[in-house]
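the following block contains a protein sequence and its predicted model.
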Amino acid sequence: MSRVQLALNVDNLDEAVTFYSKLFNAEPAKRKDGYANFAITDPALKLVLLENPGKGGTLNHLGVEVESSGSVHGEIARLAGEGLFTEEEIGTTCCFSTQDKVWVTGPAGEKWEVYTVLADSESFGAGPEPCCAGGC
């Protein structure tokens, strides 16, 4: 199963979690200091909230969560074949999980990642600017 990811900057994590819990009738799948994510099944959405005071309500980055590393590598090959510049991160730690991922940048500068989660992590990690922009 694949699902779209929407990562939002929020001013106050507690307020945002309360709002999105009510909106999607779901509790966060993961919650850490300054970070929460919801794994919503209907609609299929991974909603990531990054506490970033002063930037609330803005987009942090977009993504597509896929089932496996093989799917990530397939997307790397497909995107490169389309002539898109990709930035690969294999076995990286970001957003409290170890991931394989590839980044591409849209025409207006929006950052997209295609990723799979390999394991949970106790640390937020250090990834490229989109994942950690003000949220690390």
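The structure has been received and is ready for your questions.

going along the chain, name the helices of the chain.
In chain order, the chain shows helices spanning 13-24, 69-81, 129-132, with DSSP state H as the criterion.

quick one: which of those is nearest Val48?
Comparison of the helices of the chain against Val48 by Cβ to Cβ identifies helix 129-132 as nearest, at 9.1 Å. For every residue, glycine as well, the C-beta is placed using N, CA and C.

related to what we said a few turns ago, JSON lines for the helices of the chain, including mean neighbour count?
Formatted as JSON lines, the entries for those read as follows, by neighbours: other Cβ atoms under 10 Å:
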{"stretch": "helix 13-24", "mean neighbour count": "14"}
{"stretch": "helix 69-81", "mean neighbour count": "15"}
{"stretch": "helix 129-132", "mean neighbour count": "19"}
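
format these as TSV; extra columns: mean pLDDT.
TSV is the format used below for the helices of the chain (pLDDT from 0 to 100):
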stretch	mean pLDDT
helix 13-24	96
helix 69-81	94
helix 129-132	47
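
where in this protein is pLDDT low?
Screening the chain residue by residue with the criterion pLDDT under 70, one finds the ranges 127-136.
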